[in-house]
Structures are given as structure tokens and as C-alpha cells.
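Visitor: Quick one: sequence plus predicted model below, questions after.
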Amino acid sequence: MLIKVHGSAVFGIEATTIVVEVNIDKGIGYHLVGLPDNAIKESNFRIAAALQNNGYRIPGKKITINMAPADLRKEGSAYDLTLAIGILAASDQIRSENIQKYLIMGELSLDGSVQPIKGALPIAIKAQEEGFEGFILPKENAKEAAVVNGLKVYGVENIKEVIDFFDENAPLQQTEIDTRREFYDHLHLPEFDFSDVKGQESIKRCMEIAAAGGHNIILIGPPGAGKTMLAKRLPSILPPMTLHEALETTKIHSVVGKVKNKGLMSQRPFRNPHHTISSAALVGGGSYPQPGEISLSHNGVLFLDELPEFERRVLEVMRQPMEDREVTIARAQFTVTYPSSFMLVASMNPSPGGYFNDPDAPVTSSPAEMQRYLGKISGPLLDRIDIHIEVTPVPFDKLSEERKGESSVVIRKRVEAARQLQTSRFENVDGIHYNAQMGTKHIREFCKLNESSKNLLKEAMQRLNLSARAYDRILKVSRTIADLDGVEKISEMHISEAIQYRSLDREGWLG
């Protein structure tokens, strides 16, 4: 008897429906075809034990299973439940009238319990698009999949629940959530707040500008100056995620199995990888490509602490994704693309010893040593960072102040007002939502300068020997500063402030 059961495979952040065809005929043997990996080939042992421990069995006949499309590689143990239900239905051990209405996924333990899977959200979206009535999956993933409207989601803990459901002995409990209500109920500020930061008013101003325009920023200063503290508080002043951004971000985290017992992600991601990270872990890759840290920080913040300590080769692979806001990983038989629209926040010491060229510092470094240390970061990568700012240690009188600084709530309101101006400006421009995303064409259109501003920028370009990319960065940052002031025209004041935020272009740093 031939039975068809439906599962799904995830490539990138999109799912593809897999038809599992189970045919049972005279003879003996178990044949699994359709490019399964080793985890799927081993599934017959897990399935046999799970069925036996629940009062069922694999029939002693010739079983042929095809996973179509046969030229698409299938990976992972998430097909255990799909295959087991197909075998039971094909051997008439359970009723099969309604099986094709449902997409079934889950890993089986030997006692029949169902273990969580990766990629439940993209699979649920595909199931809804293709008109399936419901999605049966592990209970731990049910809330994640229930985000999709118009699809019945059933979370199960044991294969016996699925068997009883198809035999109409016991119904399954549907998981339902109000996506919008669930999302907006959890839109609260992160735990870190800018009111905790003593002093550093100029750096807070930089962080506000970076948040308002989505600009990349690098903080340069000695140990203990507050670089990490400031970076961790940046998400608290970023505008709340939209429902679309939340769905896109959750899909990426779902693919790597980081969304369990949750609905939509409501907070912008903040990723802080260690400096020993490999290039594949940072941008994504592997024999079967998985998203890297830059994709996991999509719509959020990627914080690289002690930037020169990262391998230069690792940092260089970020250059193109930072420009294109997506990363494409090519393999011989397929290509996957992951979105990677993130804010880069980097921090670094100004020298190997950690301090400026200060005779009173605990450890001093010569200008040559400082330049060699800073030279570990390539010029093209620094060009892609809009704001460079020096962070100096906070004096004792500021540290000992009882008065709290401006809170994240207050700063966030100004950031949201500036972002609202940008949303209106780019409403007819595809793929651009804030100033940092502007290309050369849009910079010329939206960052027009008067004659005195042009002369000021020209003088800065010549004196600092800035590249064409740095010129564009200054215009983008000045556009954001003008938006924070609520004005349409960029003035000399905005240009001069933006030029200040190119510390590493100045003489004494990189040349």
C-alpha cells in the first residue's frame, strides 16, 4: 500500500515541502531514498523502538520510502515522526484518510516522546501558503509556529497522541496565540539603561546619532572607560521592532533552533561574539550552511569587542555583507542567502597596552606601536564604519555624582522622531528605511549642501585625505544629525559635527 505524508526542509530562511512516499509490498527490506543524510538513515532504529514501546511495530515486509523531490538533500532527525506515521498508515495500523491534510515534523526518542526541531516558523509559513489544514510538531515549537494565522498548530509530546488523533480516539489541543497582542505586550525596554552611565555626554550623543540613522560606530579608548557599558545600552534607545521585522528576525533564529517556547521575538537582538570566532561562524557557512552572527543580529546590534584582536581574515569577510545587508553562501549544488542588516558597534583600545600615549598611564606604547596595532584593521573596513569616537576615562567627580543621567526612554523618543522623518522620506524608495541604508544616488538626492557647507566638507576631505566612501559617510551622518534637529536642510553645523566623528581618519591615528 502506498501512502504520502508531508514534511518540510529549510534552506536559508525559506522552507520547501517534502513529500514522503511510503510503499509496503511483499518481501523483506527497508529502503530509504531521496538524498537523506546519515541522521535520516539512522531513523529506522529510533522509529522501531518508539513504535514497539507504544504497542506498534514496523511490519516485516519490503518498505520503500522516497523523499521527494529526490534531488534535494534532506538533513536532520526532524523527519522521524513523518516517516513513522507514514509507515503506520501504509501498513494499515492507523487510519490514513486525513493524513495528507497535515504537515508532520518531529524527532523521536526511543520511548516515543517527540523532541524539538529547528525552523518551525518558516515551515509553518510554507504550510499555510500551500493550503495545509494543520501542522503537527513538537510541543516546544508549537508557540513559535502558532504565530502564523490561518493554520491549525498542534503541539505533541508523544507519538501516541498523533496516532490517537488520526484514529479519532482523542483530539489534539490546538495552540493559538494572538500574534499582535503577544508582540505588543512584550515591547518593553531592555534591562540596561543609559541613566546608569556617568558622564560621557559626548559619547551618548554619538550613540543617539548612530541609533537614529542606523549607523555603524567604533569606540576607541583605554580599559575601563565605559566602551562595553555604552554598547550594551544601545538597544535600549533603538526604535521598537515592527511586526514585519520581528517576523523576519524570528525566522532566522528559528532556523538555528533558538526560538523554543516563544512566539515572536519582540526585542532587537544583541550579539557579542568572542574574538576567537571563525569566519564561517561570523558570516555563516559550513558544509550545510547555517546563519552566522551577522545574520543572527539582523535588525539588531552586532558588538565586536576589542576589534583588533579578531583575525583580519575574519573581519574582511564582513565587508560585502555590511554593504549589501545580506550574505550569500554558495555551495556546488545550491546557494542560500541570509539577511544581515545590522548595526555594527565595535570597540578597541588605542594601543597594545590599552592606553593612549600618556606618560602617566600604567602601560605606555610608542606612536609606532599604536599605529602597528591599529593597522590590524583594514582601511576599507574602517571606511564602512560611519562614526569613529574617542572614549576618555570618566573623572572621579562624575563617577561619584548621585544625579542620574538622561534615561533611555527620553533618548529613545528623540530617536523615534528622527526615524519617523526618515520613514516619510523613504516611503517611495524600495529597500531603504533609514539613513545608513542610502546609496550614492539617494545621498545626492537627500543630502544636498549649500555653498558654505560644501566648502567646509571640501577642506576636511583635503586635510584629512578622506576617501570617497568616507565622504558619503559624513553626508549620511550629517543627514541624521539634521533629522534629530527636526530640520530638512543640512547646515554647516551638521557637517562640522559629522566630521568630528571620523577620529581614525585624523593624523596621529592611521597616518
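Guide: Looks like it came in fine. Residues are numbered from 1 along each chain as shown.

Visitor: got a list of what Arg419 touches?
Guide: By Cβ atoms under 8 Å, 6 or more residues apart in numbering, Arg419 lies in contact with 212, 239, 434. C-beta coordinates here come from the backbone N, C-alpha and C atoms, glycine included.

Visitor: Can you tell me which helix or strand of the chain has the lowest average pLDDT?
Guide: Every helix and strand of the chain was ranked by mean pLDDT, DSSP states H and E. The lowest is helix 396-399, at a mean of 69.

Visitor: which ones among the contacts of Arg419 are found in helices?
Guide: Ala212 (DSSP state H).

Visitor: can you give me the strands in the stretch 351-500 of the chain?
Guide: When secondary structure is read from DSSP state E, counting those that start in this stretch, the stretch 351-500 of the chain shows strands at 387-390.

Visitor: Cys447 against Lys489, yeah?
Guide: No. Applying Cβ atoms under 8 Å, one finds Cys447 not in contact with Lys489, separated by 10.2 Å.

Visitor: of these two, who's got more company?
Guide: Cys447 (21 against 10; other Cβ atoms under 10 Å).

Visitor: Phi and psi next, for the more buried one.
Guide: phi -120, psi 50 (degrees, to the nearest 10).

Visitor: top of the contacts of Arg419 by neighbour count?
Guide: Counting by other Cβ under 10 Å, top hit in these: Ala212 with 28 neighbours.

Visitor: What distance do you get for that residue to Tyr501?
Guide: Distance from Ala212 to Tyr501, counting by Cβ to Cβ, to the nearest Å: 13 Å.

Visitor: And the strands in the stretch 51-200 of the chain?
Guide: Going by DSSP E, counting those that start in this stretch, the stretch 51-200 of the chain shows strands at 62-68, 102-104, 107-108, 114-115, 134-138, 152-156.

Visitor: how about the helices of the stretch 1-150 of the chain, start to end?
Guide: Using DSSP state H, counting those that start in this stretch, the helices assigned to the stretch 1-150 of the chain run over residues 38-41, 43-52, 80-90, 120-129, 139-145.

Visitor: my bad, should have said the stretch 351-500 of the chain
Guide: According to DSSP H, counting those that start in this stretch, the helices that the stretch 351-500 of the chain contains are 367-374, 379-383, 396-399, 408-425, 440-446, 451-464, 468-484, 492-500.

Visitor: any idea how far the fourth one is from the chain center?
Guide: Averaging C-alpha positions (Cα atoms, centre = their mean, to the nearest Å) puts helix 408-425 22 Å from its chain's average.

Visitor: List the buried residues in that helix.
Guide: 408, 411-412, 414-415, 418-419, 421-422, 425 (16 or more other Cβ atoms under 10 Å).

Visitor: same question, the second one
Guide: Buried positions in helix 379-383, judged by neighbour count with 16+ other Cβ under 10 Å: 381-383.

Visitor: Could you export the strands of the stretch 51-200 of the chain to TSV, including columns for mean pLDDT?
Guide: TSV is the format used below for the strands of the stretch 51-200 of the chain (pLDDT from 0 to 100):
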stretch	mean pLDDT
strand 62-68	96
strand 102-104	97
strand 107-108	96
strand 114-115	96
strand 134-138	96
strand 152-156	96
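
Visitor: And for the spatially most central residue of the chain, nearest residue in space, chain neighbours not counted?
Guide: Taking Cα atoms, centre = their mean as the criterion, Leu296 is the residue nearest the geometric centre of the chain, at 2.4 Å. Spatially, and ignoring its direct neighbours in sequence, Leu296 is nearest to Arg271 (5.5 Å; Cβ to Cβ, 6 or more residues apart in numbering).

Visitor: and that neighbour, what does it touch?
Guide: By Cβ under 8 Å, 6+ apart, Arg271 lies in contact with 293, 296-297, 300-303.

Visitor: Go through those and flag which are in strands.
Guide: Mapping the contacts of Arg271 onto strands (DSSP state E) picks out 301-303.

Visitor: For these, could you give me CSV that also reports pLDDT and neighbour count?
Guide: Shown next, in CSV, are the ones in strands among the contacts of Arg271 (pLDDT from 0 to 100; neighbours: other Cβ atoms under 10 Å):
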residue, pLDDT, neighbour count
Val301, 95, 22
Leu302, 96, 25
Phe303, 96, 23
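
Visitor: and of those, the nearest to His6?
Guide: Using Cβ to Cβ, Leu302 is the member of the ones in strands among the contacts of Arg271 that sits closest to His6, with 36.8 Å.

Visitor: Before I go, just wanted to say thanks for your time.
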